[in-house]
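> got a structure for you, letters missing:
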């Protein structure tokens, strides 16, 4: 190695790149929400951010929630209807689209009228709420890792799950 | 609207979703780096984060730099060789892959051996440096917007640019 | 003004300094937790961070909670016993001390054996929990502003409150 | 320990409180800026934030700079004149005051007309610039740790420094 390469390698040993070959990861069935699979790409204990790839079957949905941290998504395929979709004053997102959902936003059921894959980062927790805005469940990065562990168990024991 | 819908609409007027129909945006030629086009999806004055879609032609590259904020990427098509690529101890990223580059990481030239499109968020500035680690240019979210404005001018005045 | 001063003023009109003359603000009585007064110095809709000055009377306390965002404090006067205090394996913080409580940390009752004033920033929500870790209340920056509004009402209507 | 205490201890072993008894730390002389001492309370490799206690002698100052991350300060004693001070349209901050300087703000020399101690957090780098806005030096959390190491060497070898 050149001197520069040695110096860079020493620096980068302290600040390691993370790299995920996503295709090699299994799609994990969501243990609670039907029609939903996911792959956890990164979670941060320090900032509370979590980045997940979601695959939602046609007709599945994300339940009502409030963002306690901003969310960002990039649509890889399919279609999503946020806040009722464009025909009800909300957003209809198509493959290739990008959205940012600020902390504080309340999203009623988000629907997937087609099979959809999207990349999603949330910079903090999401609070699932009922129609009267009572808290049902607070999902933070640790909850995401717990869902992953539960889903992996299901994958590992397909017979027991029948 | 139902009461719930009215209440949600009032809340969300304070915390507005941002949505970008990316296909409708033009690819902006990078005013400095050859073989590079981009679309700016979001910049944040408060956190300094910026999210950009990059399209790099085969043979183009990103010059040597140090991350003063963490970077995240998702490969949409093509191939990227970070820190020399996998055959030199670095990373070769393929379509569908995800990476996280921590603050502090130093990346020598990143190469694109194929036409490549990737989504990129940087949580702060990037410092471009020479081989002796001298600072050449500090690119923050304002610099990203300045590059966008320069590239748009080029697009708008193709004849004058000849 | 010099040219430089004009140029700086134009820049800073876009990025305004915030400044709080804290002594001129009233101490607001906490509407729920006895023995506790506070002044809200800043809240951020975008990041969810909130910075508050707390004044706790001798014998008062902060109830059991989990950090859904990191907390930072600087002790201005008095004494705080975190996780039981130093004599039980926790921390006893004195005037002039600094602490950082990472996201994920669970703190049982924090006690103030003396009148105490401390500066506190939380980078996200705090989840108050019972002894079985059930969620009692999620306090985010909006909740902090709501507590401030309630406390100010109490201050403004002292007679009605009797 | 009770069951609850055991369970909390197991949790908190993963998310360790950081605590700094500040009075026990030495004041480190700034190796470059005269009249300035400091104590580094925390730096974060992940977010790039750094929290430092500064002690500035009467007549000392902070050179012209641009914030590449937001800054926050709390005045513990003395007086600071930001952007020329209140008599020139800027801010004069007194003991007990709080300020937030957004990313993007440009501050010409900040002056201390009295001995001053203040707590300062910057959420990212600071770019020191000359009167023509050319970059002189980019100070990030690693630079802060480097200044600390240089200052500690000076403290450890007082005779050699003469």
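Structure's in. What do you need? Keep in mind it's a predicted model, so treat the numbers as computed, not measured. Numbering: from 1, shown residues only, chains lettered A, B, ... in the order given.

> what's the helix or strand for the residue most central in space within chain A?
Per CA atoms, centre = their mean, the C-alpha nearest to the average position across chain A is that of residue A:52, at 3.5 Å. Taking DSSP states H and E as the criterion, residue A:52 maps to strand A:49-56.

> wait, does that strand contact chain D?
No - for strand A:49-56, no contact with chain D is found by CB under 8 Å from any CB of the partner chain; the gap never falls below 9.9 Å. The C-beta positions use only the backbone N, C-alpha and C, and glycine is treated the same way.

> and that strand, anywhere near chain B?
Yes - using CB under 8 Å from any CB, strand A:49-56 reaches chain B at A:51, A:53.

> what is the rounded mean pLDDT of that strand?
Mean per-residue pLDDT for strand A:49-56: 98.

> Now find how far off-centre the longest helix seen in chain A is within its chain.
Counting residues, the longest helix found in chain A (DSSP state H) is helix A:141-156. Put simply, helix A:141-156 sits 13 Å off its chain's centre (CA atoms, centre = their mean, to the nearest Å).

> And the contacts of it?
With contact meaning CB atoms under 8 Å, 6 or more residues apart in numbering or on different chains, helix A:141-156 is reached by A:26, A:28-32, A:38, A:40, A:43-45, A:48-50, A:52, A:125, A:137, A:161, C:104.

> what about the closest residue to chain D within chain A, distance to residue D:131?
Proximity of chain A to chain D (CB to the nearest CB) peaks at residue A:46, 4.8 Å away. For residue A:46, the distance to residue D:131 equals 38 Å [CB to CB, to the nearest Å].

> Who has more neighbours out of these two?
Set residue A:46 next to residue D:131 and count neighbours by other CB atoms under 10 Å in any protein chain shown: residue A:46 wins out with 17 against 11.

> May I have the residues that are in contact with that one?
C:70, C:102, C:103, D:44, D:46, D:47.

> what's around residue A:40, how many residues?
Neighbourhood size, residue A:40 [other CB under 10 Å]: 20.

> Hmm, it is touching residue A:54, no?
No - using CB atoms under 8 Å as the test, residue A:40 is too far from residue A:54 to be in contact (10.4 Å).

> since we're on the nearest residue to residue A:90 once chain neighbours are set aside, how many residues are nearby?
Of all residues not flanking residue A:90 in the chain, residue A:83 sits nearest, at 3.0 Å (CB to CB, 6 or more residues apart in numbering or on different chains). By other CB under 10 Å, 22 other residues sit near residue A:83.

> Report pLDDT for residue A:83.
87.

> mind listing what it touches?
Neighbouring residues of residue A:83 by CB under 8 Å, 6+ apart: A:89, A:90, A:91, A:107, A:108, A:110, B:8, B:12, B:17.

> Excluding chain neighbours, what is closest to the fifth one?
Taking CB to CB, 6+ apart, and ignoring the residues beside it in sequence, residue A:108 has residue A:64 as its nearest neighbour in space, at 5.1 Å.

> continuing past the lowest-mean-pLDDT helix or strand in chain A, what's the next helix or strand?
For chain A, using mean pLDDT, DSSP states H and E, the weakest element among its helices and strands is helix A:3-14, scoring a mean of 90. Using DSSP H and E, the helix or strand that directly follows helix A:3-14 along the chain is strand A:18-20.

> Can you list the strands that that next one pairs with?
Under the criterion DSSP bridges, strand A:18-20 sits next to strand B:98-101 (antiparallel) in its sheet.

> Tell me how far whichever helix or strand comes after the partner strand lies from the chain's centre.
Per DSSP H and E, the first helix or strand lying C-terminal to strand B:98-101 is strand B:106-107. Remark: strand B:106-107 is offset 16 Å from the chain centroid, using CA atoms, centre = their mean.

> partner strands of strand B:106-107, parallel or antiparallel?
Counting by DSSP bridges, the strands paired with strand B:106-107 are strand B:65-67 (antiparallel).

> got the contact list for the partner strand?
A:15, B:101-107, B:122, B:124, B:126-129, B:133.

> Who wins on neighbours among the residues you listed?
When neighbours are counted by other CB under 10 Å, residue B:101 leads those with 28 neighbours.

> ok, now which ones touch that one?
The contact partners of residue B:101, taken as CB under 8 Å, 6+ apart, are A:17, A:18, B:67, B:70, B:71, B:72, B:73, B:82, B:107.

> Leaving out chain neighbours, which residue sits closest to it?
In this structure, residue B:101 finds its nearest non-sequential neighbour in residue B:71, 4.1 Å apart by CB to CB, 6+ apart.
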